[in-house]
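K.L.:
build the 3D model from these lines:
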Amino acid sequence: MIIIGIVLSVLYVLGIISAFHAVIYNRTSQGAIAWALSLLSFPFIAVPAYWIFGRKKFEGYVLARKKLLDNQEDDPADMVTHIKPYVVSQQELNPQIHAAERMARVPLVTGNYCELLINGEATFDSIFAGIEQAKDYVLVQFYIVRPDGLGNRLKNLLIEKARQGVRVFFLYDELGSVGIGTSYIQQLQEANVVVHPFNTRKGIHNLFQVNFRNHRKVVVVDGQVAWIGGHNVGDEYLGKDEKMSPWRDTHVKISGPAALAAQVSFLEDFRWAADYFPDLTWQITAQHDEQQPVLIVPTGPADEMDTALLMFSHIINNAEHRIWISTPYFVPDESVILALKLARLRGVDVRIIVPEVPDNLLTYFAAFSFFDDLVNSGVNFYRYQVGFTHQKVLLVDDNLSSIGTANFDNRSFRLNFEITALVGSEEFAKDVQSMFESDFGRSTMMNDDDYSNKSIWFKFAVNACRLFAPVL
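P.N.:
Below you'll find the predicted structure:
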């Protein structure tokens, strides 16, 4: 009994110390309150959870990024010279993404051609065709890689290209791809594919760190073409999961100077994982018949500011007549809720598509509290009825589209490494608009009764889960 009493006393002391830490260092007041209450009330559970999940910054990654930007022998210093002819001037810059450009590592560049890729077959047919055409190198990064049918197709293609003499670099998130298996990795390595987990727990300060995930999905071929979007590598992304089928997702293929910005993002992550920079191409091949401006914005917990949150808030605040959003998880920051409400007060058409069928009950219940608030403000919510929608897409007015990996939740805004492609093209926006209109046709619009008529237990679950929204 004495030992138990000592252990409990130590845990309560640690809970108090951790609560002070949470109040001082947490990024949001909501997060600080949620952690502090948990640490003081249930220290035996909350203390270990806080020191695994409660940190706000990724230790060491900032230094790795600085080396990339400062080391003139290894970084893409020549890219600055090559990219100048394609940089959009400040006078021509779309005000909707002016602040986003200041947060990105590479400026908004024109001379690109973007192709909208709807669902898994189109996406992976395009990616695999691009890899087959690679002459020098292929960069591959996914959050989830499964050793199933699609995963093996990717593996076999990368092995084939490596045996042809093409350099192949492969990154994966070790938690997202926990089931990838040693055999899968060994087969790639035996073919001289350079394979690394992102290695979140690298360094003594990160030993117990599992909360900062690398959620990026990026493929780059020869520095000329890049693919970014919501798809991971697994059969479910081709609609082969009976419970979640058909799977609805979106990617974008970018040909032109903006592919180099995606390459910079990959290099930052590779430098962290592998401790060196591969020698890559920084020459630019513009799509001379196309002038689509593209800004690539990598975001994550190593940023000085909450870049993803600021980027989306800025875009919403500058919208003039339309904001259409499709996201699988809608558990946003309060500032985003306020920005959406203000947009409605300006007369902006705000529509948000979310899944009818959830794959995460915590975020599903938490989202209902935001739905009830925003529907009363005039925001139109649509629940997608045909399978599961996983895409992360925005359409703003008639000339700005966003396709990437970031969800509208705290995890993507503050905890995950994400990447977003902002395309400032009316032509591309028309394609995105048509895609949205098709998705609206497969969705049911919510009304006030969808929440008010729910049982008291459902409402309790909704409000209980909302309390944990800052740490989800």
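K.L.:
torsion angles phi and psi at residue 113?
P.N.:
When read as degrees, to the nearest 10, the backbone of residue 113 gives phi -130, psi 130.
K.L.:
just list whatever residues bridge to it.
P.N.:
Note on residue 113: beta-bridge partners residue 255, judged by DSSP bridges.
K.L.:
from residue 226, how far off is it?
P.N.:
12 Å (Cβ to Cβ, to the nearest Å). From N, CA and C alone the C-beta is placed, and that goes for glycine too.
K.L.:
what do the two both touch?
P.N.:
residue 254 (Cβ atoms under 8 Å, 6 or more residues apart in numbering).
K.L.:
who has more neighbours, the two?
P.N.:
residue 226 (29 against 21; other Cβ atoms under 10 Å).
K.L.:
ok, the more buried one - contacts?
P.N.:
Contacts for residue 226 (Cβ under 8 Å, 6+ apart) come out as 218-220, 253-254, 258-259, 262-263, 296.
K.L.:
which one of those residues is nearest to residue 102?
P.N.:
residue 296 (13.8 Å; Cβ to Cβ).
K.L.:
lowest-scoring secondary structure element of the protein by mean pLDDT?
P.N.:
One helix or strand of the chain scores below all others by mean pLDDT, DSSP states H and E: helix 61-70, with a mean of 60.
K.L.:
can you flag which of the contacts of residue 226 belong to helices?
P.N.:
Among the contacts of residue 226, the members falling in helices (DSSP state H) are 258-259, 262-263.
K.L.:
and residue 218, what are its bridge partners?
P.N.:
Beta-bridge partners for residue 218, by DSSP bridges, are residue 141, residue 228.
K.L.:
thought it was touching residue 264?
P.N.:
No. Under the criterion of Cβ atoms under 8 Å, residue 218 is not in contact with residue 264, lying 10.5 Å apart.
K.L.:
of all the contacts of residue 226, which two lie farthest apart?
P.N.:
Of all pairs in the contacts of residue 226, the most separated under Cβ to Cβ is 253 and 263 at 14.6 Å.
K.L.:
circling back to that earlier point, turn the contacts of residue 226 into JSON lines, including pLDDT.
P.N.:
Listed next are these as JSON lines, based on pLDDT from 0 to 100:
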{"residue": "218", "pLDDT": "98"}
{"residue": "219", "pLDDT": "98"}
{"residue": "220", "pLDDT": "98"}
{"residue": "253", "pLDDT": "98"}
{"residue": "254", "pLDDT": "97"}
{"residue": "258", "pLDDT": "94"}
{"residue": "259", "pLDDT": "95"}
{"residue": "262", "pLDDT": "95"}
{"residue": "263", "pLDDT": "94"}
{"residue": "296", "pLDDT": "96"}
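K.L.:
just the buried members of those?
P.N.:
Neighbour-count burial (16 or more other Cβ atoms under 10 Å) applied to the contacts of residue 226 gives 218-220, 253-254, 258-259, 262-263, 296.
K.L.:
do a quick rundown of the strands in the stretch 51-200 of the chain.
P.N.:
With DSSP state E, counting those that start in this stretch applied, the stretch 51-200 of the chain shows strands at 109-118, 137-142, 167-172, 194-197, listed in chain order.
K.L.:
ok, now the stretch 251-400 of the chain?
P.N.:
Along the stretch 251-400 of the chain, counting by DSSP E, counting those that start in this stretch, strands occupy 292-299, 322-326, 330-331, 349-355, 380-384, 388-389, 393-396, 400-404.
K.L.:
which of those has the lowest mean pLDDT?
P.N.:
With a mean of 90, strand 330-331 has the lowest mean pLDDT of the strands of the stretch 251-400 of the chain.
K.L.:
what's that one packed up against?
P.N.:
Using 3 or more Cβ pairs under 8 Å, 6 or more residues apart in numbering; DSSP states H and E as the contact test, the elements touching strand 330-331 are helix 361-375, strand 408-409.
K.L.:
pLDDT (mean, whole number) over the helix or strand that the shortest one is followed by?
P.N.:
Where DSSP states H and E defines the elements, the next helix or strand beyond strand 408-409 is helix 410. Taken as a whole, helix 410 has a mean pLDDT of 86.
K.L.:
returning to what we had before: okay if I get the contacts of residue 226 as a markdown table plus distance to residue 146?
P.N.:
Below are these laid out as a markdown table (distance: Cβ to Cβ, whole Å):
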| residue | distance to residue 146 |
| --- | --- |
| 218 | 18 |
| 219 | 16 |
| 220 | 22 |
| 253 | 22 |
| 254 | 25 |
| 258 | 29 |
| 259 | 26 |
| 262 | 23 |
| 263 | 25 |
| 296 | 26 |
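K.L.:
nearest to residue 159, of these?
P.N.:
Nearest to residue 159 among the contacts of residue 226 is residue 219, at 15.9 Å by Cβ to Cβ.
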